[in-house]
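Enquirer: have a look at this prediction, sequence included:
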Amino acid sequence: MTRRLYWEDMYMRDFDGKVASVEGGRVVLDQTAFYPRGGGLVSDLGKLNGANVTEVIKENEEVFHVVDDPGLFKIGESVHGAIDWDRRHKVMKMHTTAHILCAIVNRETGALITGNQINPDESRIDFNLDQFDRDKLSDYVAAANGVVTRGVDVRTYFMKRMEALATPGLVKLANAVPPSVDELRIVQIGDVDTQADGGVHVGNTREIGEIVIDKAENKGKSNRRVYFSLR
Ligand SMILES: [Zn+2]
């Protein structure tokens, strides 16, 4: 399995690795800082030696780098990877924001999250809710911005699967965790939110800036979709 450098250091912008396999246009490395698409987050883009990385995907816990020039890669050779940091840092800020918003809306309304899409420039969250009071929504965003300005540290650590599953509220999607995974990565945003999560986050909420709600709309009977951006 590819060593996930993005779990060890979410601020790693470039790294060295070795080619483990090349299949079609897809390169597997012994280790990578490229985050593969998943958990509602877009994948990292960037460079692997002289090739452009156009997508990074995860299959059976393996990480595949889709490159535009696979002929440049031979098994066992060294590669240097550089991720598009501007895009990645935006995704980190957006993702931590989504956790904060979800935690506050869940605390205030009991609503569950039915979907999310985290992009660099505008993201969205779907809540399982019958109604979304506009004034209340403004209150939730104000509370989320309070967490941002408070400068809350984000901590990540690993926990045994059984222990994580036995801790109430930690694993939001129990059936989404394959039994083969023995340890779960936990992301803790201070006293705001703690959950099992594989994605990339900022180290401190202050990096987020300001959360702005762009739009809130109804998507089906009990589904409310909120679009947000940062500035
Ligand atoms: Zn997440």
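Expert: Sure, I can see it.
Enquirer: near the ion, which residues of the chain show up?
Expert: Within reach of the ion by CB under 5 Å from the ion, the chain has these residues: 197, 199. C-beta here means a position set from N, CA and C on the backbone, and glycine is covered the same way.
Enquirer: sec struct for the most centrally placed residue in the chain, please.
Expert: For the chain, the residue nearest the mean C-alpha position is G199 (3.2 Å; CA atoms, centre = their mean). Using DSSP: H, G, I helix; E, B strand; the rest coil, the structure places G199 in coil.
Enquirer: in this structure it contacts H95, no?
Expert: Yes - counting by CB atoms under 8 Å, H95 is a contact partner of G199 at 5.2 Å.
Enquirer: give me the common contacts of those two.
Expert: 41, 118 (CB atoms under 8 Å, 6 or more residues apart in numbering).
Enquirer: all helices of the protein, in order?
Expert: Ranges of helices within the chain are 5-8, 85-109, 134-150, 161-166, based on DSSP state H.
Enquirer: L45: which of those is closest?
Expert: helix 85-109 (6.2 Å; CB to CB).
Enquirer: and that closest one with helix 134-150, angle?
Expert: 130 degrees (axes from the mean of the first three to the mean of the last three CA atoms, to 10 degrees).
Enquirer: just checking, what packs against helix 85-109?
Expert: strand 112-117, strand 123-128, helix 134-150, strand 183-189, strand 193-196, strand 211-218, strand 223-230 (3 or more CB pairs under 8 Å, 6 or more residues apart in numbering; DSSP states H and E).
Enquirer: can you list the buried residues in the lowest-mean-pLDDT helix or strand in the chain?
Expert: Least confident element among the helices and strands of the chain, by mean pLDDT, DSSP states H and E: helix 161-166 (a mean of 90). By neighbour count on 16 or more other CB atoms under 10 Å, the buried set for helix 161-166 is 161, 164.
Enquirer: do the same with stretch 75-92
Expert: Buried, per 16+ other CB under 10 Å, within stretch 75-92: 79, 81, 83-84, 87-92.
Enquirer: with stretch 57-73 instead?
Expert: Residues of stretch 57-73 classed as buried: 58, 63-67, 70, 72-73 (neighbour count, 16+ other CB under 10 Å).
Enquirer: same question, stretch 142-158
Expert: 143-145, 147-148, 152, 154, 156.
Enquirer: got the end-to-end distance for stretch 108-115?
Expert: 18 Å (CA to CA, to the nearest Å).
Enquirer: distance from the chain centre to that stretch, please.
Expert: Stretch 108-115 sits 18 Å away from the centroid of its parent chain (CA atoms, centre = their mean, to the nearest Å).
Enquirer: as a whole number, average confidence for that stretch?
Expert: For stretch 108-115, the mean pLDDT works out to 91.
Enquirer: who touches that stretch?
Expert: 40, 102, 105-106, 125-129, 136, 139-140, 172, 223-224.
Enquirer: again, only using 6 Å
Expert: 102, 105, 126-129 (CB atoms under 6 Å, 6 or more residues apart in numbering).
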